[in-house]
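Enquirer: coords please:
(chains A and B, ligands or ions: 1)
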Amino acid sequence: MSSLLVTIAGVILVTIFGIIAGLFLMGVDRICAARMQMRQGPPLIQPFIDIRKLLSKDSQVPANAIPSLFNAAPIVAFASAVTVLFYLPLGSILPVGTPLPMVGEYGDLILIMYLLTVPALAMVAGGFASGSPYASVGAQREMVTMIAYEFPLAIAIIAIAWRLAVAGLVMPFSVNTLAANPIWTVVGPIGIIGCILLLIVLAWVTPAELSRIPCDTPEAETELCGGLLVEYSGRNLALFSLSMAAKLVAMAGLAVLLFLPWNISPLIGISGIGAAGADLVFFLLKVIVVMFFSVTLVRVVMARFRINTVVSLYWGWLTTIGLIGMFLIILDGSMSLGGCLS
Amino acid sequence: MKLSPSFNRSLWVFHVNSGSCNGCDIEIVAALCPRYDPERFGIKLVGSPRHADVLLVTGPVTHQMRDRVRRVYDQMASPKVVMCIGTCGQSGGVFYDSYNLDGPLDQVIPVDVYVPGCAPRPEAIIYGVVQAIAKLERLERSVK
Ligand code: SF4
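Expert: Numbers count the residues shown, from 1 in each chain, chains lettered A, B, ... in the order given. Modelled structure (predicted):
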């Protein structure tokens, strides 16, 4: 009974953390982008103000929409984006860990990958349900983008998990294994090159996953008037923005988990609840660094891709880079086994 | 109508051209550029009237555009503010007495703030937005 209560408290805490961290990250992103364009930029709390304003506005349902699906999509998107965070380690707070024993026991990377597609699918459903031609075009583009980036992402995750398995770790897909064994300490020199290639692939998957420039073709404000979200207003739009924010934390958190899982507390030698706090702050710092390089920098420097460019980029270039990285890691793994591949 | 203090720190703007000569539209774009940086105050150009809080209308409202302007206005979620940019929308301006005008704008939809000028300078447009914020604050106080 008490463990159930702790789980519920943990879920609520992580949800609040996800919302606050996500909106904070969006604020940082907007300020960084503004500074790069020689502007002053909005205050850090601007995303919070935006969400509060959206919540105070009316939510309109267009006449030719399917109201049930139209209203359910934002809730599903938000819930699934937050659920991903339950399965990710936040600093030293592991999902199957001491302070917050949660549903995490059953979760691993494969589940995280599938959960990450759910917000996008909800947006697609909402887009089709809103009965606007712009939203339908946006939904189709979102599906195409999703198919395009899923493959490179899977390559990166599977290559790393395979290498951990070769290193003799049981449950290589488990989040805890990944957090405890940074991939860089496992692989040899060839594997490190492979890991760098996979890091590049993951950094490029992030903007597509988050529908940010240059992969914001589904939302394209100037051509599709907001695409998928064109008919959404008020509370529903706020929920979609919150799900975007939570997804930003989740994607950056996934990159941190795969490639930068170190914690700060062993280094500065504190323990207990202070260590969890310090690690959480350090985690946020890592997430900001990841977000800056894979979202903010890219979105300021580049223009929007056409939808066919998105597909050829992800299926052609990034898949090739990912496969080369995977090949190098397999080479590295088989060398560590003495030239035998099993 | 429900207003919260966060409302006027986060005004999202949608722009409709109701038959203008494009002079005012260019000035709006100029007002949104990094030199004036309205994002400092949370002002952002959005692509859909559903997301918008402020409707910027330029032009004298031609006969063809009358229904469209009306429809865009109806699509916006309330609370909402309408700004009429340029002399055209107030009196017809250089198009005064044309055979195909249904304007001025306030005959079509309720207008909150007028920004005169042909075309108004970006500073004038920003001043108009400040007036809109002041009006929202007044409304807020009267609602309380
Ligand atoms: S007010 Fe002047 S500049 Fe603006 S749309 Fe009318 S004619 Fe063009």
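Enquirer: from here on, just use CA atoms for contacts and neighbour counts.
Expert: OK.
Enquirer: which residues in chain A form strands?
Expert: With DSSP state E as the criterion, chain A has no strands.
Enquirer: and chain B, by the same measure?
Expert: B:12-17, B:44-45, B:54-58, B:81-85, B:113-115.
Enquirer: check which helices and strands the fourth one sits against.
Expert: The elements that strand B:81-85 packs onto, with contact taken as 3 or more CA pairs under 8 Å, 6 or more residues apart in numbering or on different chains; DSSP states H and E, are strand B:54-58, strand B:113-115, helix B:122-143.
Enquirer: how distant is it from the center of its chain?
Expert: Relative to the centre of its chain, strand B:81-85 is centred 3 Å away, using CA atoms, centre = their mean, to the nearest Å.
Enquirer: please apply the same query to the longest one.
Expert: Shown here is strand B:12-17, whose average C-alpha point lies 6 Å from the average C-alpha point of the whole chain (CA atoms, centre = their mean).
Enquirer: can you tell me the average pLDDT over that strand?
Expert: Averaging pLDDT along strand B:12-17 yields 88.
Enquirer: so where's chain B shaky on pLDDT?
Expert: B:1-8, B:140, B:143-144 (pLDDT under 70).
Enquirer: gap between residue A:212 and the ligand?
Expert: With distances taken as CA to the nearest ligand atom, to the nearest Å, residue A:212 is found 33 Å from the ligand.
Enquirer: residue contacts, that residue?
Expert: A:295, A:299 (CA atoms under 8 Å, 6 or more residues apart in numbering or on different chains).
Enquirer: near the ligand, which residues of chain B are found?
Expert: B:20-24, B:58-59, B:86-88, B:94, B:118-119 (CA under 6 Å from any ligand atom).
Enquirer: buried subset of these?
Expert: The neighbour-count test (16 or more other CA atoms under 10 Å in any protein chain shown) applied to the residues of chain B next to the ligand identifies B:20-21, B:24, B:58-59, B:86-88, B:119 as buried.
Enquirer: of these, closest to residue A:321?
Expert: residue B:24 (48.1 Å; CA to CA).
Enquirer: now the two most distant members of the buried ones among the residues of chain B next to the ligand.
Expert: Most distant of these, by CA to CA, are B:21 and B:87, 11.5 Å apart.
Enquirer: quick one: least confident helix or strand in chain A?
Expert: Ranking every helix and strand in chain A by mean pLDDT, DSSP states H and E puts helix A:221-224 at the bottom, with a mean of 66.
Enquirer: chain A next: which of the buried ones among the residues of chain B next to the ligand are close?
Expert: The subset of those lying close to chain A, counting by CA under 8 Å from any CA of the partner chain, is empty.
Enquirer: list just the nearest of the residues of chain B next to the ligand to chain A.
Expert: residue B:22 (17.1 Å; CA to the nearest CA).
Enquirer: quick one: contacts for the most centrally placed residue in chain A?
Expert: The centroid of chain A falls nearest to residue A:251 when counting by CA atoms, centre = their mean (1.6 Å). Residues near residue A:251 by CA under 8 Å, 6+ apart: A:206, A:209.
Enquirer: if you set the cut-off to 7 Å instead, what comes out?
Expert: By CA atoms under 7 Å, 6 or more residues apart in numbering or on different chains, the residues touching residue A:251 are residue A:206.
Enquirer: same question for residue B:27.
Expert: B:121-122.
Enquirer: now it: how far from residue A:299?
Expert: As for residue B:27, its distance to residue A:299 is 25 Å (criterion: CA to CA, to the nearest Å).
Enquirer: ok, back up a step: closest to residue A:331 out of the residues of chain B next to the ligand?
Expert: Nearest member of the residues of chain B next to the ligand to residue A:331, counting by CA to CA, is residue B:22, at 61.6 Å.
Enquirer: which of the helices and strands packed on strand B:81-85 sits most buried?
Expert: strand B:54-58 (a mean of 25; mean count of other CA atoms under 10 Å in any protein chain shown).
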